[in-house]
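*Asks:* sharing a model prediction with you, sequence too.
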Amino acid sequence: MRRAGLLLFFLFFPLAAFAAGANGPTEPLGIDLEGFPYPYPVSFFPLEVNHHPVRMAFMDVAPKSTPNSRAVLLLHGRNFPASYWQPVIDALIGAGYRVIAPDQIGFGKSSKPEGDWSFDRAAAETAELLDFLHIGKVDVVGHSMGGMLAVRFTRTFPERVQHLVLEAPLGLEDYRFYVPPVPESKLIAEEMARTEENYRHYLRTAYGTTLSDAALRPFIEIRERIKGSGDYPRWVEAFVASYYAIWGQPTVHELPLVSTPTLFLVGTRDHTAPGRAYAKPEDQPRMGHIVELAHAASARMAHAQVMEFDTGHLVHLEAPEAFNRALLRFLETP
């Protein structure tokens, strides 16, 4: 029934609105971002999800300077493909690290299977990718939703993680305390109806980003061009599935159990709070105090510290040089 409902919605969705203004995209993208360039070659790792074959896209980038025999795993956020890690990848390979930057199943150039999405499954799939690449231990960097996955990966495979870096992580508060369950049909309808201008406004207001419109354009363009795909409803369904994982699987309760050396990199303008729009008006201002939440979380952990930046949610793009310096310095600590 869900698939039928999606197709009916898509039939009445105004594709003409996508057809483009003077500055709009002119060529559709497939829902696996076929035709969208990544900064480094993309490979694919075969997996199974619910007994169906899928493939995970990833960049495996070799060091440019003298190799230090270490690998860094980069875990992307919900609204971004792995390509946005380019400034971080460049800094890491320049310092001798090998970098693995996957698109999680359901995102970017990876397959978009039907069904639920969970951090447990994503952590297991990521571990399988590392096994496929014959990589044992890694330093893990996770941004936003990827920060939640980084925590779950570290909790599940603590022996594999040497350093944990959480950039503007979600899950530092339990959203269920403020946000009631939201019907899937409502979330799907809202995503299907989201316009280019609406999404630009969302990125600015939800993330408090200081990036220019030109810098945000590639992420907005991806969504707009995917609307031209006949599989756009399946992309929306996959995107919505991850909301329930973020809402229902907060990591705040697990952070005190993480003993791996951890660095929080957070922006003072970041007040991201998934589901805030569905909370009661009096509860909305209480959500998304990322800096305060990061300090509170680190105080309950064995080996954690917090660094603040004058940025919004996209720290590694808004302050790339400062971010990379802090990252490399932390990775060099015992």
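*Replies:* Structure's in. What do you need?
*Asks:* from now on I want contacts and neighbour counts done on CA atoms only, so please keep to that.
*Replies:* Will do.
*Asks:* mind checking pLDDT for P334?
*Replies:* pLDDT, P334: 88.
*Asks:* how close does it get to Q162?
*Replies:* Plainly put, P334 is 9 Å away from Q162 if you go by Cα to Cα, to the nearest Å.
*Asks:* neighbour count winner among the two?
*Replies:* The residue with more neighbours, out of P334 and Q162, is Q162; 18 against 7, by other Cα atoms under 10 Å.
*Asks:* the more buried one: which element?
*Replies:* With secondary structure defined by DSSP states H and E, Q162 is part of strand 161-167.
*Asks:* could you dump that strand to PDB, C-alpha only?
*Replies:* Extracted as PDB, the C-alpha positions of strand 161-167 are listed here (Å, rounded to 0.1, in the frame of the first residue of the first chain):
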ATOM      1  CA  VAL A 161      38.300   2.500  16.500                       C
ATOM      2  CA  GLN A 162      41.400   4.400  17.600                       C
ATOM      3  CA  HIS A 163      39.900   8.000  17.700                       C
ATOM      4  CA  LEU A 164      36.300   9.200  17.400                       C
ATOM      5  CA  VAL A 165      35.500  12.600  16.000                       C
ATOM      6  CA  LEU A 166      32.000  13.900  16.200                       C
ATOM      7  CA  GLU A 167      31.300  16.900  14.100                       C
END
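*Asks:* and that strand, how far from the chain's centre?
*Replies:* Offset of strand 161-167 from its chain centre (Cα atoms, centre = their mean, to the nearest Å): 15 Å.
*Asks:* can you give the strand pairings for it, parallel or anti for each?
*Replies:* Here strand 161-167 is paired, per DSSP bridges, with strand 138-143 (parallel), strand 262-267 (parallel).
*Asks:* of these, which is nearest E224?
*Replies:* Nearest to E224 among the strands paired with strand 161-167 is strand 138-143 (23.1 Å), distances taken as Cα to Cα.
*Asks:* give me the contacts around the closest one.
*Replies:* With Cα atoms under 8 Å, 6 or more residues apart in numbering as the test, strand 138-143 has contacts from 70-77, 147-150, 160-169, 331.
*Asks:* touching, P46 and V54? I think so.
*Replies:* Yes. Counting by Cα atoms under 8 Å, P46 sits close enough to V54 to count as a contact (5.9 Å).
*Asks:* which of those two has more residues huddled nearby?
*Replies:* V54 (19 against 13).
*Asks:* give me the most central residue, this structure.
*Replies:* The chain has G77 as the residue nearest its centroid, 1.0 Å off, counting by Cα atoms, centre = their mean.
*Asks:* so who does that one touch?
*Replies:* If a contact means Cα under 8 Å, 6+ apart, then G77 has G142, H143, S144, M145, G146, G147 as its contacts.
*Asks:* rewinding a little: quickly list what's touching both of P334 and Q162.
*Replies:* Shared contacts of P334 and Q162 (Cα under 8 Å, 6+ apart): none.
*Asks:* in this structure, where is pLDDT below threshold?
*Replies:* Scanning the chain for pLDDT under 70 picks out the ranges 1-26.
*Asks:* so which residues of it form helices?
*Replies:* Residue ranges of the helices in the chain, as given by DSSP state H, are 2-12, 15-18, 86-94, 119-132, 145-156, 184-193, 196-207, 213-226, 232-248, 290-299, 315-318, 320-331.
*Asks:* so which of those is nearest G35?
*Replies:* Ranking the helices of the chain by distance to G35, with Cα to Cα as the measure, places helix 213-226 first at 10.5 Å.
*Asks:* kindly export the closest one (C-alpha atoms) in CSV.
*Replies:* Extracted in CSV, the C-alpha atoms of helix 213-226 (Å, rounded to 0.1, in the frame of the first residue of the first chain):
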residue,chain,number,x,y,z
ASP,A,213,24.2,30.4,-1.6
ALA,A,214,26.8,29.4,-4.2
ALA,A,215,28.4,26.9,-1.7
LEU,A,216,25.0,25.4,-0.8
ARG,A,217,23.9,25.2,-4.5
PRO,A,218,25.4,21.7,-5.2
PHE,A,219,23.3,20.1,-2.3
ILE,A,220,20.1,21.9,-3.4
GLU,A,221,20.8,21.0,-7.1
ILE,A,222,21.0,17.3,-6.2
ARG,A,223,17.5,17.3,-4.7
GLU,A,224,16.1,19.3,-7.6
ARG,A,225,17.6,17.1,-10.3
ILE,A,226,16.5,13.9,-8.6
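*Asks:* now do that helix: which elements does it pack against?
*Replies:* Using 3 or more Cα pairs under 8 Å, 6 or more residues apart in numbering; DSSP states H and E, the elements in contact with helix 213-226 are helix 196-207.
*Asks:* in stretch 235-251, what's buried?
*Replies:* 235-247, 249-251 (16 or more other Cα atoms under 10 Å).
*Asks:* what do you get for stretch 276-292?
*Replies:* By neighbour count, and taking 16+ other Cα under 10 Å as the criterion, the buried residues in stretch 276-292 are R276, A279, Q284, M287, G288, H289, I290, V291.
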